[in-house]
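Participant: quick one: sequence plus predicted model below, questions after.
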Amino acid sequence: MNNTCWISILVFLSVLSVFGLVACDGSGSGGGGGGAGSGVNPPQLTGTNPTANNTSALSGALITATFDKRMKAGSAGTFVVHGEQTGRRTGLYTGGGSQTLVFNPDDAFKIGEILEITLTGALTATDVAALDPPVVYRFWAEALAGSGSFGADPPILGQAGARGLAAGDWDHDGDIDLAVANFRNSTVVKMENNGLGTFSTTGGTIIGQSGASAVIALDWDGDGFLDLAVANHGSSSVEFLGNDGSGAFNSVDEIFGQSGALALAAGDWNGDGDIDLAVANFSGNEVAILENDGAGTFADVEAIGGLFGADALAAGDWDGDGDLDLAVANRTGNSVVVLKNDGDGGFTGGTTIGVQSGATSLATGDWDNDGDLDLAVANSIAGAGEVAILQNDGTGVFTDIAAVTGMTGTSAVVAGDWDGDGDLDLAVANSTAGAGEVAILQNDGSSNFSVDNTVGSQTGASGLVAGDWDGNNTLDLAVANSGGNNVTALINAP
């Protein structure tokens with residue numbers, strides 16, 4: 001056989017190898033899926049942009065994922081993007097056939113919004129090997145400006161024991177609306193934003209709750225519209241309120257057996273691309289894991305017991321292994337318990353951080369800009385109240401490094417970049433400080449927090465949420481005032 005024939009054969013075999021028809025070990029692909037036993041190594045994620053836990057991603061950024069192999073194109077089912085305030089995102093997928101996949105969202109991120117990305121196990125390389133395990137990570141969209149000095153708008157009256165708040169664009173008109181859980185009259189009230197930061201409650205009361213203690217926004221059916229879930233302390237249940245796309249909510253399901261449900265956290269626990277729930281059951285001393293089937297039907301699949309007065313939850317990838325873990329504030333146990341995710345949505349107890357007296361609320365973010373997620377704990381009875389700063393070593397081991405004192409009746413804490421400098425600050429609701437107040441804690445970028453200013457006359461301040469209410473690219477606040485039976489928007493001066 002002459003040299004020309006040998007060259008032709010070698011070229012032909014190389015082409016077959018590219019398409020997975022001939023492997024170096026002679027096994028070939030045989031139409032297999034590249035999973036266990038296929039003889040083809042799964043692709044490995046080597047980098048993302050924005051990076052995981054980034055605290056100031058550009059609002060118009062492309063989302064990219066880079067692998068050690070050439071990949072088939074991503075899709076809405078394999079490269080899933082959820083916005084905390086906007087639901088499942090749509091956009092253009094490119095990069096198929098290369099090592100870097102790109103998602104170009106149809107709309108910019110909202111100011112300060114948390115984005116959650118799932119690269120599912122259905123994402124495959126060109127050699128048909130599937131990503132294993134899937135990867136879930138989060139980042140924060142930037143705040144473009146802000147002074148960190150807040151002024152209070154006139155309160156939104158007519159609430160009854162306002163406790164929990166959620167923020168999102170319920171009606172897809174481009175601005176961020178609110179929802180409040182009213183404990184005493186067992187309602188959820190939807191508050192429509194006119195785009196200038198003025199909220200109306202007309203026609204927005206959803207009845208039928210029972211001691212509504214928390215409300216959270218999530219797009220559980222993946223239709224691009226934010227739905228709501230409500231923790232009902234009185235009926236020990238979680239109720240699901242579906243959004244019809246116009247911002248009108250209706251009760252579609254309720255899961256009972258959640259003993260003294262007080263708090264909720266949402267995230268893709270098992271990496272399948274849809275949003276699941278976790279419930280802090282205060283009376284049951286447990287956290288329940290509710291798994292979503294992708295169509296918005298939830299099943300109570302696990303209960304993590306051994307907790308003491310589970311009062312608050314936070315989700316994040318504490319150990320950097322590509323799945324979302326949980327942290328639980330135990331009010332009567334005076335501790336924070338870190339729960340590690342096995343990657344399939346199963347949680348086991350990790351470390352316990354003690355001496356958190358009356359731990360009642362949690363916030364997470366990368367306080368020191370080292371790439372991993374830290375925690376902040378609102379401790380309601382530690383002396384006059386405090387916020388403890390827990391620093392993560394990158395493996396999910398937290399150290400209590402500082403306490404911001406001078407608080408009174410500390411009841412809630414939320415993170416956001418109030419001054420637009422690229423690092424995450426904190427806001428703290430103090431329910432018994434005079435008539436109640438919200439304290440603004442500025443971060444120097446190295447986990448050193450100090451009280452910058454306070455906003456008073458927030459009677460019985462009990463809940464906080466952040467968002468850009470007036471569309472001026474600064475991150476504002478809203479506070480649920482249980483004692484004052486109102487919700488007040490706090491506007492951040494440019």
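Facilitator: Arrived safely, thanks for sending.

Participant: packing partners for the strand or helix carrying residue 181?
Facilitator: Remark: residue 181 resides in strand 177-182, with elements defined by DSSP states H and E. Taking 3 or more CB pairs under 8 Å, 6 or more residues apart in numbering; DSSP states H and E as contact, the helices and strands that strand 177-182 lies on are strand 162-168, strand 187-193, strand 212-218, strand 227-232, strand 461-467, strand 476-481. Glycine gets a C-beta too; all of them are placed from N, C-alpha and C.

Participant: contacts for it next, please.
Facilitator: Residues outside strand 177-182 that contact it (CB atoms under 8 Å, 6 or more residues apart in numbering) are 159-171, 188-193, 199, 209, 212-215, 217, 228, 230-231, 247, 463, 465, 478, 480, 487.

Participant: give me the ChimeraX select line for these, limited to the buried ones.
Facilitator: Here is the ChimeraX command that selects the buried residues among those (16 or more other CB atoms under 10 Å):
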select :159,161,162,163,164,165,166,167,168,169,170,171,188,189,190,191,192,193,199,209,212,213,214,215,217,228,230,231,247,463,465,478,480,487
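
Participant: alpha carbons of stretch 104-111, as CSV, please.
Facilitator: Output of stretch 104-111 as CSV, limited to C-alpha atoms (Å, rounded to 0.1, in the frame of the first residue of the first chain):
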residue,chain,number,x,y,z
ASN,A,104,-26.5,35.9,26.4
PRO,A,105,-29.6,36.9,28.5
ASP,A,106,-32.4,38.7,26.8
ASP,A,107,-32.5,41.3,29.6
ALA,A,108,-29.9,42.7,31.9
PHE,A,109,-29.8,41.6,35.5
LYS,A,110,-31.6,43.6,38.1
ILE,A,111,-29.5,45.7,40.4
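
Participant: that one: how far from the chain's middle?
Facilitator: When distances are taken as CA atoms, centre = their mean, to the nearest Å, stretch 104-111 is centred 17 Å away from the chain's centroid.

Participant: and what of stretch 61-76?
Facilitator: Between the centre of stretch 61-76 and the centre of its chain there are 22 Å (CA atoms, centre = their mean).

Participant: quick one: end-to-end length of that stretch, please.
Facilitator: Distance between the boundary residues of stretch 61-76 (CA to CA, to the nearest Å) amounts to 18 Å.

Participant: same question, stretch 326-346
Facilitator: Using CA to CA, the end-to-end distance of stretch 326-346 comes out at 11 Å.

Participant: what is the mean pLDDT for that stretch?
Facilitator: Mean per-residue pLDDT for stretch 326-346: 97.

Participant: stretch 208-219 too?
Facilitator: Mean predicted confidence for stretch 208-219 is 96.

Participant: over to stretch 169-189?
Facilitator: For stretch 169-189, the mean pLDDT works out to 97.

Participant: flag every buried residue along it.
Facilitator: So for stretch 169-189, counting by 16+ other CB under 10 Å, buried means 169-172, 175-183, 185-189.

Participant: all helices for this structure, in order.
Facilitator: 3-18 (DSSP state H).

Participant: one step back: the strand holding residue 181 pairs with which strands, parallel or anti?
Facilitator: For strand 177-182, the paired strands and their directions (DSSP bridges) are strand 162-168 (antiparallel), strand 187-193 (antiparallel).

Participant: residues touching the first one, excluding its own?
Facilitator: Applying CB under 8 Å, 6+ apart, the external contacts of strand 162-168 come out as 84-87, 176-183, 212-217, 226, 228, 231, 462-467, 478-482, 485-487.

Participant: pull the CA atoms of that strand into PDB?
Facilitator: Extracted C-alpha coordinates of strand 162-168, given in PDB (Å, rounded to 0.1, in the frame of the first residue of the first chain):
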ATOM      1  CA  ALA A 162     -46.000  42.200  58.900                       C
ATOM      2  CA  ARG A 163     -43.100  39.800  59.100                       C
ATOM      3  CA  GLY A 164     -41.600  38.400  55.900                       C
ATOM      4  CA  LEU A 165     -40.900  40.100  52.600                       C
ATOM      5  CA  ALA A 166     -40.200  39.000  49.100                       C
ATOM      6  CA  ALA A 167     -39.200  41.100  46.000                       C
ATOM      7  CA  GLY A 168     -39.600  40.400  42.300                       C
END
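
Participant: that strand relative to strand 476-481, how many degrees between them?
Facilitator: 150 degrees (axes from the mean of the first three to the mean of the last three CA atoms, to 10 degrees).

Participant: again with the last one
Facilitator: What separates the directions of strand 187-193 and strand 476-481 is an angle of 150 degrees, with the same axes, to 10 degrees.

Participant: so where's the stretch 301-450 of the chain uncertain?
Facilitator: Scanning the stretch 301-450 of the chain for pLDDT under 70 picks out 382-384, 433-434.

Participant: please repeat the previous calculation with a cut-off of 80.
Facilitator: 350, 381-384, 433-435 (pLDDT under 80).

Participant: was I right about residue 144 contacting residue 474?
Facilitator: Yes: if you go by CB atoms under 8 Å, residue 144 and residue 474 touch, sitting 7.4 Å apart.

Participant: what touches both of those two?
Facilitator: Joint contacts of residue 144 and residue 474 (CB under 8 Å, 6+ apart) are 111, 420.

Participant: of these two, who's got more company?
Facilitator: Neighbours per residue (other CB atoms under 10 Å) separate residue 144 from residue 474, with residue 474 holding more: 26 against 18.

Participant: pretty sure that one sits against residue 149.
Facilitator: No: counting by CB under 8 Å, residue 149 is not a contact partner of residue 474; they are 10.3 Å apart.

Participant: list residues touching both of those two?
Facilitator: 492, 493.
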